[in-house]
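Peer 1: The sequence isn't on hand, but the structure is:
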């Protein structure tokens, strides 16, 4: 079955670009534009992966993970997307339960193989540490 | 009506007028600071918002370049590559403005670890290889044996070095010489430090512009026809990053002969 990705991103332009990329490389894509929507979609559709933009307007994207963990609906893989990577942001994301942090723009060629790597890491029971999906 | 100082005033009157003027000045300064902070906030917001559509453009172009929507012929691929490199250059400039705005708002912090200056130099040289080859410069690296590791923010030191090396490459006519050297500095106020030098045989900078180059938005040639383009923030950010480490940055230069930029990074960082 196709890997199901939930994109949580407040810019329709970025969602369109990533949706095109992911659908063309064999993924099923849902999108949410704010925390409320993301939580609803994640609970209803149980995606394999959440790609989470950190700034959703005035909302903090990581709140989605907080909400989902309260009701035990965390997806197998959550990965943060940020415009500007810095050590503090990275730490905050990992603490909130993200497996990895990607800086936008995400490399079109790499994203599909990153996704395979994250899921493979999860299946291999490598739960706690960020995987090395470059391989 | 505000009193003004005139010769006919008594001492008391003059004191009162001065006090009033001082208050007024304090108010004006506070107002200017406030406006400056607003402008910085605007810069931060606008650069953040500029990145979003730019990100989408680059992703779309990469989808095309990588053949995800079908194979391209050579000329199509070349054109798409042009969109991507232009987009990435623009993104670099937008990020630079954002870094500057965060620095002004004191939102920058250091993530220190024990780093080897030698490995940072190697990393930055490797990144600049193609630019150096394109301009047919020769690059030499001279690192003193046995330099100690320093407690510093690796990414920020790499940023400073990449900026200085980038300028050296840009402002040196083709076929020039560019070099990087690292050695122990004479003891600084923060104890022992490593001194890093980035030199070139480029166009040089006149002494009256030595301070100007580290000032934000300032470019020595500010005309529209200037041959080097950028945000004008590169050296201001480098200055900020070096200062955050408790180091110092300065230059020596002779017009038509070349420039040498120096910066120090204390071995034991200032906290």
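Peer 2: All right, it came through fine. Model, not experiment: these values are computed from the prediction. Residues are numbered from 1 along each chain as shown, chains lettered A, B, ... in the order given.

Peer 1: Which strands border the top strand by length along chain B, and is each parallel or antiparallel?
Peer 2: For chain B, the longest strand by residue count, based on DSSP state E, is strand B:177-188. Next to strand B:177-188 in the sheet, as set by DSSP bridges, lie strand B:138-143 (parallel), strand B:191-200 (antiparallel).

Peer 1: need these in a markdown table with mean neighbour count and mean pLDDT, can you?
Peer 2: Backbone N, C-alpha and C define where each C-beta goes, glycine included. A markdown table is the format used below for the strands paired with strand B:177-188 (neighbours: other CB atoms under 10 Å in any protein chain shown; pLDDT from 0 to 100):
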| stretch | mean neighbour count | mean pLDDT |
| --- | --- | --- |
| strand B:138-143 | 14 | 96 |
| strand B:191-200 | 21 | 94 |
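
Peer 1: May I ask which helix or strand encompasses residue A:90?
Peer 2: Element membership for residue A:90, per DSSP states H and E: helix A:87-95.

Peer 1: Could I get the buried residue list for the next helix or strand after that helix?
Peer 2: Sequence order places strand A:100-103 as the next helix or strand after helix A:87-95, per DSSP H and E. By 16 or more other CB atoms under 10 Å in any protein chain shown, the buried positions in strand A:100-103 come out as A:100-103.

Peer 1: ok, so of the residues you listed, who is nearest residue A:80?
Peer 2: Residue A:80 lies nearest to residue A:101 out of the buried residues of strand A:100-103, by CB to CB, at 4.6 Å.

Peer 1: tell me the contacts of that closest one?
Peer 2: Each residue near residue A:101 by CB atoms under 8 Å, 6 or more residues apart in numbering or on different chains is listed here: A:79-82, A:85, A:89-90, A:93-94.

Peer 1: before we move on, the earlier item: now the longest strand of chain B, how far from the centre of its chain.
Peer 2: Centroid separation for strand B:177-188 versus its chain: 19 Å, with CA atoms, centre = their mean, to the nearest Å.

Peer 1: average model confidence for it?
Peer 2: Here strand B:177-188 scores 91 as its mean pLDDT.

Peer 1: buried residues in it?
Peer 2: B:178-182, B:185, B:188.

Peer 1: Can you tell me which of these is closest to residue B:83?
Peer 2: Nearest member of those to residue B:83, counting by CB to CB, is residue B:178, at 29.8 Å.

Peer 1: Wait, the closest one touches residue B:133, no?
Peer 2: No. Residue B:178 is not in contact with residue B:133 according to CB atoms under 8 Å; the separation is 11.9 Å.

Peer 1: from the buried residues of strand A:100-103, which has minimum pLDDT?
Peer 2: Comparing the buried residues of strand A:100-103 by pLDDT, residue A:103 comes last, at 89.

Peer 1: Tell me which helix or strand the nearest residue to it once chain neighbours are set aside sits in.
Peer 2: Leaving out its chain neighbours, the residue that sits closest to residue A:103 by CB to CB, 6 or more residues apart in numbering or on different chains is residue A:85, at 4.4 Å. Using DSSP H and E, residue A:85 is not contained in any helix or strand.

Peer 1: ok, residue A:85 touching residue A:100?
Peer 2: No. Here residue A:85 does not reach residue A:100: they are 11.0 Å apart, not a contact under CB under 8 Å.

Peer 1: Work out which residue lies at the spatial centre of chain A.
Peer 2: residue A:51 (1.8 Å; CA atoms, centre = their mean).

Peer 1: Tell me the residues on the stretch 1-150 of chain B that lie near chain A, please.
Peer 2: For the stretch 1-150 of chain B, the residues in contact with chain A (CB under 8 Å from any CB of the partner chain) are B:48, B:51-56, B:58-60, B:62-63, B:65-66, B:68-69, B:91, B:95, B:98, B:109, B:111.
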